[in-house]
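*Asks:* got a predicted structure plus its sequence, pasted below:
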Amino acid sequence: MSKKVCVIHTGGTIGMLDTKFGYKPKKGFIKKVLTEIKKLNLSDMPDFDVLEHDVLLDSTNMSVNEWNMIAENIVDSYDRYDGFVILHGTDTMAYTASALSFMLEGLSKPVILTGSQIPLYLIRNDARDNLITSLLITSNYNVPEVTLFFNNKLYRGNRAKKISSDDLSAFDSPNFPPLGVAGVNIVLNENLIRNPGEELRLVKFNKNKIAVLKIFPGIQYELFESIITPDLKGLVIEAYGTGNIPDDSDGKLAKALRKLEENGTVIVVCTQCYKGSAIVGQYASSKELINAGAVSGYDMTVEAAVTKLYYLFSMDYDQDTIKRMMGTDLRGELGLS
Ligand code: ASP
């Protein structure tokens, strides 16, 4: 029997047209193009339906609400399709891919996010290839995880990062090899692909307060005092190298960290390097973080760390469990699995 795929269109450059204010998503456009492709009745192509979101977004406007909506779309129609292709803007695609990987527990079908740097309506574009190859992978290969396909590479969603605002090769997965490469043939790295889950379970995200703080030379910690409130559940610190932050010379860092600890905020330390791991405690300059009970984000992307915090807080775990699970691989987001 031929495979059936659900294309969920959320917005992004792929389906945008030019307006006097710049590129904007156009309702109905992707559906029209895909309907024309469908009419060609090409034997390689799977059968598919298009589910277009009522409000198509530039992905800069993605939030927990939309992540919940996309995850619900998948869960609601899970039994009717063999896989899902999500059309999404590139700016926050890695965040959505990471979020969905945590929300969709026990996934046994492919969910591929894709989009483009050049809109589909332009004659020279990367949209057509990204879209068609994503449909072919979804329907012909067994990749039961949330992935991101872009410029001929298939990445694990929670390992991907947007690395270029103008190259067609806009994504990379610096700490994990691609799951597949589409050249003349589509070749998958089978032993990296995760095993299918047994039963799908949706974990919707609550809107907990999570923040990201990027360290830079001369940082004045007191400027961030106002965000350190008991409402702040999780803080991802983008530290230097292996997890170092400027040593405290005037007590301001110690004060901020003490307050975070008193408030029960989970502090996760990721590296601001493109590649590699943050392991607090390797250098003396991360001692203040250790004293405040911060946990290492290891080789997780900031996108994965942020969405994992949303996930763990939505599961209502206590603080110790959340700290422990931040360092445990749940969906292939961390380590070598
Ligand atoms: N601003 C666009 C978006 O993220 C960029 C893109 O799709 O490439 O929706």
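*Replies:* That came in fine, so what should we check first? Numbering: from 1, shown residues only.
*Asks:* quick one: secondary structure of Gly89?
*Replies:* Secondary structure assignment for Gly89 (DSSP: H, G, I helix; E, B strand; the rest coil): coil.
*Asks:* pull the longest strand from this protein.
*Replies:* Longest strand in the chain by number of residues (criterion: DSSP state E): strand 47-57.
*Asks:* centre of the chain to it, how far?
*Replies:* 20 Å (C-alpha atoms, centre = their mean, to the nearest Å).
*Asks:* residues making contact with it?
*Replies:* By C-beta atoms under 8 Å, 6 or more residues apart in numbering, the residues outside strand 47-57 that reach it are 2-12, 15, 25-28, 30-31, 34-35, 38, 66, 69, 73, 77, 81, 85, 89, 135. In this view, the C-beta of every residue, glycine as well, is placed from N, C-alpha and C.
*Asks:* distance of the closest residue to the ligand within the chain relative to Thr96?
*Replies:* Per C-beta to the nearest ligand atom, Gly89 is where the chain lies closest to the ligand, at 1.9 Å. Plainly put, Gly89 is 9 Å away from Thr96 if you go by C-beta to C-beta, to the nearest Å.
*Asks:* still on that earlier bit, skipping adjacent residues, who's closest to the residue of the chain closest to the ligand in space?
*Replies:* Take Gly89 and drop its neighbours on the chain: the residue closest to it by C-beta to C-beta, 6 or more residues apart in numbering is Ser59, 2.7 Å away.
*Asks:* got any ranges where this protein has weak pLDDT?
*Replies:* Residue ranges of the chain with pLDDT under 70: 1, 248-249, 337.
*Asks:* same thing but 80
*Replies:* 1, 41, 247-249, 284-286, 336-337 (pLDDT under 80).
*Asks:* my read: Tyr81 touches Val111, true?
*Replies:* No: the criterion here is C-beta atoms under 8 Å, and Tyr81 misses it with Val111 at 10.2 Å.
*Asks:* between these two, who's got more neighbours?
*Replies:* Taking neighbours as other C-beta atoms under 10 Å, Tyr81 and Val111 compare with Val111 leading, 26 against 22.
*Asks:* kindly provide the distance from the more buried one to Asn185.
*Replies:* In this view, Val111 and Asn185 are 23 Å apart by C-beta to C-beta.
*Asks:* equivalent analysis for Ser98, please.
*Replies:* Here the criterion is C-beta to C-beta. By it, Ser98 lies 29 Å from Asn185.
*Asks:* looking at this protein, which residue lies furthest from center?
*Replies:* Distance from the C-alpha centroid of the chain peaks at Asp250, with 37.3 Å (C-alpha atoms, centre = their mean).
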